[in-house]
Every structure is written in C-alpha cells, then in structure tokens.
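Asker: Can you look at this prediction? I've put the sequence above it.
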Amino acid sequence: MIPGLNVARELQQRYPQAVMQFLGSGRPQEEGLVASAGFQHYALSSESLATARRRPWQFLWRNWRAVRQARALFQDQKPTAVIGLGGFASVPPVVAARRMGIPTVLLEQNIIPGRATRWLCRRAGAVCVSYAASAEHLPAGVKVEQTGNPVHPDIAALVASSHTDQRRILLILGGSQGASAVNRAVTMAADILQDQLTGWTIMHQTGINDWREVEHEYQRLGLEHTTSPFFSDMPQRYADAGLAVSRAGATTLAELACAGCPTIAIPYPYAADDHQRLNAREFVTAGAAKIVEQQSTLDQTAELLAKQISRLLADDARRLEMRHAMHSLARPLAARDVADIICRTVDDSLKR
C-alpha cells in the first residue's frame, strides 16, 4: 500500500486535476493509511488466498463479487489506468480492468514476486520491480522494469544527507509483522549489552501491543531511550540513526537505503516464499546489512543479535562502509520512474 501511495503522490503532483482512488480490503489500517494521505478508498468484498483451502466456496464467491464491484465502479468512474500493488486484494480490480481493456501496471516490492503478480503479469502493460533478480521468477515475455521501491519524498530526500558516522542512535523497527519476537529479542540483547550501549540512545518503534513491556525493560536497564507504538516522523528518525534493527520487508529496506542506515535484518521466518530472507540477502551481498536469523527460542535469537550489535557498535569504520553501501542501493526516484511507466503504458494503449 505505501509504495502505491507514493506513486499516487507523484501522479497527483504532475496532474493536479487527476483523481486517485484506492480499491482494496476493508481493513481499518489500510483505510486509515489511504485517508491520511488524502485519497479515496473503496472496500471490495475480496477474500484472502489464505482462506481458499478452508473455505473455497466463500473464497470464490467473494472474489467473484469483488470483480463485479470493481467493474461497476470502473464503468462509472472510467479510470485511465489501474495499478496493482502486489497484494491479493489487487487481483479483482486488475482482472476487471483487463476485461474492460483498461491499461494495467503492476508493482512488485519483493525479490520473489507474490502470487498475485505471477497470476496477473502476462497481460499487464508492465511489471515494476525493486530487484533485477525478480525478472527471473516471472514468465518470459513479461515486460519487467526495475524501478526500485517508491518511497515517501521526504525519505527519498535523505539520499543527500551526510555520510559521516558520528550518529549514536540505535533505531529499532519492531512495529511490523512478527513484531513481538523482534521487540523481545532486542530488549534481551540490550540487557546483555547494557555497558556497551552507554553513550547510545535507543529509538524503538514497538507496535501497539508491546509498547508498555518494552518501555518498562529500558527503564529497568537504565538505558537512554525513546519508545513509541509508531513514530510519525520517520524521515527524521532514519536521518538520526547510526544503526538499525528491523525485519526485512521490502519497503523498510528501501527506506533504510535512502537514509544510508547500516542495518541488522531479522527476516520474518514465515513470510511467503521466504521473501524477507531473500530481500535481506541482496543487502548483505552489497555489504549494506547483516542478517540475524530468528531462532527457535528467544534466548538464542537475542544472543546472536547481541553479538552482531556489539561488533557494529565497536566498529565505526565498518558502519561507515555499510552506510556507503546502503546509499548505493537507494532508488530515490522510484516513484517518478513508476509514474513514467504508467504514463507510457497509457499512451501506448491509446495508439493501438
């Protein structure tokens, strides 16, 4: 959803009179993100692929209804193009659009394209990917464009920030999928590293459920810290960070790259197609990140994490090298490039 919002901002800037509308699930978080960005949101009755085996008839019925709902909306609104954002909620509107001859473009953030992208890509005008290797996992003949992952303009602007390594802020991004395991592993690692963390400030985004517990642990340890369920000023948090600990979601990694922030990635072990681990490996190969695998017990994960944090806290030169490597992976113009591809796809369809 976030990359789509960033592309919508770019298109809105180019075409102030254009109307950007988002179709998706009725999840409150999704609706809230769209509303806060100033765009319209329509909830379809689509059903997640996760329910297909447990409730196959409900899955088919609800998604058939979602296609009809999208078709009715398109007949009324007559969109110039429909952009699929990679999740399964994008399938019904993209299916409706191509049946109606409306140009479609797909965005795929992860190195391994999701099932929705793999199903829809053959008849899409283009598939915009973050990683060159993604093309290897799509059928021959699909038009693949490596654009990078569109980030917010304020985060894209961080590419121009200083490459020095005097920052002493440890940024923890624990407000994502599987956040509790990250939050607990980090606080346990902080206990191990209590002395070494002197002089550093921990900035920890915890997510809603774990905030009180995490805050209590840092107070108990006497470490300088700031915690919040979610930070509303992420560009500034990224700019201030000297080292980050995070899951390996594609959007977060793209934002960290723009900030040039050395990162310890803890891939979510249950991600579809193990895409988080594969995302992170691209950054490790470039020398921009380290991976700590989530173990079967929190104690084991915390011990490995503490060792990795300890090495990097003690090595300013290594963090500086990682910062340069992170910056080299940044694609701050991704939203612009995706918008260009959308416009070309529309132009090509009008010439036919």
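Answerer: Cool, got the structure.
Asker: Tell me the spatial nearest neighbour of the most centrally placed residue in the chain, not counting adjacent residues.
Answerer: Central residue of the chain (Cα atoms, centre = their mean): Thr251, 2.3 Å from the mean position. Leaving aside its sequence neighbours, Thr251 sits nearest to Ile2 (Cβ to Cβ, 6 or more residues apart in numbering; 5.3 Å). Where C-beta positions appear, they are placed from N, C-alpha and C, glycine not excepted.
Asker: Report how many residues lie close to Gly87.
Answerer: By other Cβ atoms under 10 Å, 19 other residues sit near Gly87.
Asker: Next, find the distance separating the residue lying closest to it once chain neighbours are set aside from Asp233.
Answerer: The spatial neighbour of Gly87 that comes closest, neighbours along the chain excluded (Cβ to Cβ, 6+ apart), is Ala116 at 6.3 Å. Per Cβ to Cβ, to the nearest Å, Ala116 is found 32 Å from Asp233.
Asker: Counting neighbours, go ahead and name the busier of the two.
Answerer: Ala116 (20 against 11).
Asker: which SS class is the more buried one?
Answerer: Here Ala116 is helix, with the state taken from DSSP: H, G, I helix; E, B strand; the rest coil.
Asker: hang on, isn't the residue nearest to Gly87 packed against Pro93?
Answerer: No: taking contacts as Cβ atoms under 8 Å, Ala116 lies outside contact range of Pro93: 11.0 Å.
Asker: Need the overlap of contacts for those two.
Answerer: Gly84 (Cβ atoms under 8 Å, 6 or more residues apart in numbering).
Asker: so where do the strands sit in the protein?
Answerer: Secondary structure of the chain, counting by DSSP state E: strands at 21-24, 40-43, 82-84, 104-108, 126-129, 144-146, 169-173, 201-205, 225-228, 243-246, 263-265, 289-291.
Asker: Throw those strands into a markdown table and include distance to Asp76, mean neighbour count and mean pLDDT, thanks.
Answerer: As requested, the strands of the chain are arranged in a markdown table below (distance: least, Cβ to Cβ, whole Å; neighbours: other Cβ atoms under 10 Å; pLDDT from 0 to 100):
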| stretch | distance to Asp76 | mean neighbour count | mean pLDDT |
| --- | --- | --- | --- |
| strand 21-24 | 11 | 22 | 94 |
| strand 40-43 | 11 | 16 | 93 |
| strand 82-84 | 14 | 25 | 98 |
| strand 104-108 | 18 | 26 | 98 |
| strand 126-129 | 26 | 26 | 98 |
| strand 144-146 | 31 | 18 | 97 |
| strand 169-173 | 40 | 24 | 97 |
| strand 201-205 | 40 | 22 | 97 |
| strand 225-228 | 41 | 18 | 96 |
| strand 243-246 | 42 | 25 | 98 |
| strand 263-265 | 44 | 26 | 98 |
| strand 289-291 | 46 | 22 | 98 |
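Asker: Right, I'll call it a day here.
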